[in-house]
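Undergrad: Here's a sequence, model it:
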Amino acid sequence: MRLRNRPEAEAFLREHPEYVILDPQKYNGQFSSLFPVKQPLRIEIGMGKGDFMIGMAQKYPEINFIGIEKYDSVLYVALKKILKQTPLPNLKVMCWDATHIQDVFSEGEVDRIYLNFSDPWPKKRHYKRRLTYHDFLVQYQLILKEQGGLELKTDNRTLFEFSLLEMNRFPMTFDDISLDLHHSIQMEDNVMTEYERKFSPNGPIYRLVAHFESRGE
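TA: Now for the predicted structure:
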């Protein structure tokens, strides 16, 4: 996602510790302490402008959510949206690079990971940057609890097929695969991202839900 640089972003994020996790590494294994109620923890990697995380936190108050975004200028936009909502005590956000996700979450700490419309990195030489590449999956396997789920939504067929192949090599068990989410029964529970809402008329949305057959050690 390309947004203009916002010099005020960092300061704005620091002004709202009620939502922003300012020092993620400090809470490794203890993220539940940041929420008023200890509940299952789900994370979105690459939360973008925040529509999905806001919608999920509103829909499932019995679950705690953390939205993760690499760029503070993007997180700035998401936080502004969050602040316009009725208070969401089960939602936090943080600025972090998914390349090092294992450095902030401990083994088995996360119940589910969402990857929504991640950068497909279409050039073949960039395939290792895709968030479903083997090296990322190794980290997800470690931080997810036993039978913890991984959900992917994308409109990019190449990324979807690449993800299926990478996950199958682990191996992982596929719990659900949809080649046209918006025309399937699963759409009834679907919470859309801002990207999804804007671009879904242009073609099918692919979705998969999978879990690792065992947690990494």
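
Undergrad: Can you name the next helix or strand after the longest strand along the chain?
TA: The longest strand of the chain (DSSP state E) is strand 144-154. The C-terminal neighbour of strand 144-154 among helices and strands, as given by DSSP states H and E, is helix 157-168.

Undergrad: Could I get the buried residue list for that next one?
TA: Of the residues in helix 157-168, L159, F160, F162, S163, L164, E166, M167 count as buried by neighbour count, 16 or more other C-beta atoms under 10 Å. Placement of C-beta: from N, CA and C, glycine included.

Undergrad: just checking, the fourth one touches L208?
TA: If I follow you right, that is S163. Yes. The pair S163 and L208 qualifies as a contact (C-beta atoms under 8 Å) at a distance of 6.8 Å.

Undergrad: what touches both of these two?
TA: Residues touching both S163 and L208 (C-beta atoms under 8 Å, 6 or more residues apart in numbering): L152.

Undergrad: mind checking the SS state of the closest residue to G149 other than its chain neighbours?
TA: Counting by C-beta to C-beta, 6 or more residues apart in numbering, G149 lies nearest to R112, which is 4.5 Å off, once chain neighbours are set aside. What DSSP: H, G, I helix; E, B strand; the rest coil gives for R112 is strand.

Undergrad: distance of R112 from K84?
TA: To K84, R112 is 26 Å away according to C-beta to C-beta, to the nearest Å.

Undergrad: Check G55 too.
TA: 14 Å.

Undergrad: next one: D176
TA: From D176 to K84 the distance is 33 Å (C-beta to C-beta).
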